[in-house]
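1. got a predicted structure plus its sequence, pasted below:
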Amino acid sequence: MTTLSRGQELERLVGDLSRALETARRLGLSTTVYLLSMALAEVREALDAASDGGDDDSAA
């Protein structure tokens, strides 16, 4: 089994959250859609910070 980098792990998580978000949207689960949207935004921010080589808490 190969070890993924932080960026690869975050990219995988973005994909998983995106798929879950679309499923929740299709099912009409509005609260779940909102929560997954917030989680997706957080992970994308961390991914951007990781790709910039910065600290993912620097924008806070």
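-> Received, thanks. Numbers count the residues shown, from 1 in each chain.

2. so S37 touches L21, yeah?
-> Yes - when contacts are counted by Cβ atoms under 8 Å, S37 is listed as touching L21 (6.4 Å). (Each C-beta comes from the backbone N, C-alpha and C, glycine too.)

3. the more surrounded of the two?
-> L21 (19 against 14; other Cβ atoms under 10 Å).

4. quick one: low-confidence ranges for this structure?
-> Residue ranges of the chain with pLDDT under 70: 1, 54-60.

5. now do the strands in it.
-> If DSSP state E is used as the criterion, the chain turns out to lack strands entirely.

6. just the helices in it please.
-> Assigned helices in the chain, in chain order: 6-27, 30-52 (criterion: DSSP state H).

7. just the CA trace of the shortest one, in PDB.
-> This means helix 6-27. Listed in PDB are the C-alpha atoms of helix 6-27, where the atom choice follows Å, rounded to 0.1, in the frame of the first residue of the first chain:
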ATOM      1  CA  ARG A   6      -1.300  15.500   2.300                       C
ATOM      2  CA  GLY A   7      -2.300  17.100  -1.000                       C
ATOM      3  CA  GLN A   8      -3.300  13.800  -2.400                       C
ATOM      4  CA  GLU A   9      -5.300  12.900   0.700                       C
ATOM      5  CA  LEU A  10      -7.100  16.300   0.500                       C
ATOM      6  CA  GLU A  11      -7.800  15.800  -3.200                       C
ATOM      7  CA  ARG A  12      -9.300  12.500  -2.500                       C
ATOM      8  CA  LEU A  13     -11.400  14.000   0.300                       C
ATOM      9  CA  VAL A  14     -12.700  16.700  -2.100                       C
ATOM     10  CA  GLY A  15     -13.800  14.000  -4.500                       C
ATOM     11  CA  ASP A  16     -15.500  12.000  -1.700                       C
ATOM     12  CA  LEU A  17     -17.300  15.100  -0.300                       C
ATOM     13  CA  SER A  18     -18.400  16.200  -3.800                       C
ATOM     14  CA  ARG A  19     -20.000  12.900  -4.500                       C
ATOM     15  CA  ALA A  20     -21.700  12.800  -1.100                       C
ATOM     16  CA  LEU A  21     -22.900  16.400  -1.700                       C
ATOM     17  CA  GLU A  22     -24.500  15.500  -5.000                       C
ATOM     18  CA  THR A  23     -26.200  12.400  -3.500                       C
ATOM     19  CA  ALA A  24     -27.600  14.500  -0.600                       C
ATOM     20  CA  ARG A  25     -28.800  17.100  -3.100                       C
ATOM     21  CA  ARG A  26     -30.600  14.500  -5.200                       C
ATOM     22  CA  LEU A  27     -32.200  13.100  -2.100                       C
END
